[in-house]
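In: I'll drop the sequence and a predicted model, then ask my questions.
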Amino acid sequence: MTITVCLIPGDGVGKEVIPAAAQILEELQLGIQFTHAEAGWECFERHGDALPQTTLEAIRAADGALFGATQSPSTKVAGYRSPVLAMRRAFDLYANLRPTTSLPVPGCPEGIDLLIVRENTEGLYSGRERREGDTAITERVITVGASERIARCAFDLARTRPKKLVTIVHKANVLKESDGLFRESCLKVATEYPDVRCDELLVDACAMWLVKKPQRFDVLVMENLFGDILSDEAAGLVGGLGIAPSANIGAGKAAYFEPVHGSAPDIAGKGIANPIGAVLSAAMLLDHVGQPEAARRIERAVTSVLSAGILTRDLGGDATTDQVTREVLARL
């Protein structure tokens, strides 16, 4: 069976880490066929579209896409839309999966193995913003349908893990309507999974426990903004965004996988970006397409490289992107 992977480097260091991940996938000799597509700010500057129709078609045709990073402007630019948000909406990729696992890097506590399941389509990222004179208003959209399906995703994933625990994260004590609805929907779904334990935490308490005792967690489910923030906090526990992978999946075939870090324009083109986040995202892609043993091979190789102290600057070392990539290749 041929596996088709669409490579979308995007902006900045994405152009360095996605080719590195592609080398790792190619070395596995799984018969992967690569396609290439454009997206991001530079794509917008060239074509007037940050996510061209040809890119959407390439993602739709592939078994999975590897996306690098995008450099979005901080102010409103006419005609520009975030390609990340646009991809999620175009393919209804409602679940953002961000695993955090202890790795052999300086300062990383042992025993962390958690997965943040983030609702990917609504909340404050619904795009419903407006100005009324001197006031800016953003509408926070929470629906029963989206809340229940992200909860089912979390509980289904928890069933496959040893702890079989889902923590519902919310702020229903203050946001009684929106987070109240999210909490109620998740608790309703929990009754369908008697084999999975369930608890709940207010989002601020969850942030504290992630710092104090992250080993207590297994699968955490939450709305969009909370998931965006807490997943970055969790990544900081195990070495930072440079080694954090993620997946964006939905009910259909289309899915894309990306390192959590941004385009990092301050180091782009210097050959020092950490490729591990992109490489581990490639491992998540392999799990998605039914190649779990190949995914574990990548993870073992990455762990071996980090254990040997071969680290990029963000982890306190001096290895280059190419050096880390070659060391992972050698260990496959």
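Out: The structure has been received and is ready for your questions.

In: for the residue nearest the centre of the chain, which three-state class applies?
Out: By CA atoms, centre = their mean, the chain has its centre lying nearest to residue 246, at 2.4 Å. The three-state assignment at residue 246 reads strand, by DSSP: H, G, I helix; E, B strand; the rest coil.

In: residue 111: neighbour count?
Out: 10 (other CB atoms under 10 Å). No exception for glycine: its C-beta is placed from N, CA and C like everyone else's.

In: and what of residue 237?
Out: 17.

In: ok, now which ones touch the nearest residue to it once chain neighbours are set aside?
Out: Setting aside the residues directly before and after it, residue 237 is nearest to residue 214 in space (CB to CB, 6 or more residues apart in numbering), at 5.6 Å. When contacts are counted by CB atoms under 8 Å, 6 or more residues apart in numbering, residue 214 touches 100, 109, 112, 114, 234, 237.

In: measure the last one to residue 108 for me?
Out: Here the criterion is CB to CB, to the nearest Å. By it, residue 237 lies 7 Å from residue 108.

In: got it, and the fifth one?
Out: As judged by CB to CB, residue 234 and residue 108 stand 12 Å apart.

In: among the two, which residue is more densely surrounded?
Out: A direct count of neighbours by other CB under 10 Å for residue 234 and residue 108 places residue 234 higher, at 25 against 17.

In: in what helix or strand does that one lie?
Out: helix 224-237 (DSSP states H and E).

In: how about the helices in the stretch 201-332 of the chain?
Out: According to DSSP state H, counting those that start in this stretch, the stretch 201-332 of the chain carries its helices in the segments 203-212, 224-237, 276-288, 292-307, 321-331.

In: for the first one, name the packing helices and strands.
Out: Applying 3 or more CB pairs under 8 Å, 6 or more residues apart in numbering; DSSP states H and E, one finds that helix 203-212 contacts strand 165-170, helix 224-237.

In: which residues sit against the first one?
Out: Spelled out, it's strand 165-170. Applying CB under 8 Å, 6+ apart, the contact partners of strand 165-170 are 151, 154-155, 158, 179, 182-183, 186-187, 190, 193, 196-203, 206, 217-223, 226, 230.

In: narrow the residues you listed to just the buried residues.
Out: Neighbour counting by 16 or more other CB atoms under 10 Å classes 151, 154-155, 158, 179, 182-183, 186, 190, 193, 196, 198, 200-201, 203, 206, 217-223, 226, 230 among the contacts of strand 165-170 as buried.

In: kind regards, and thank you for your time.
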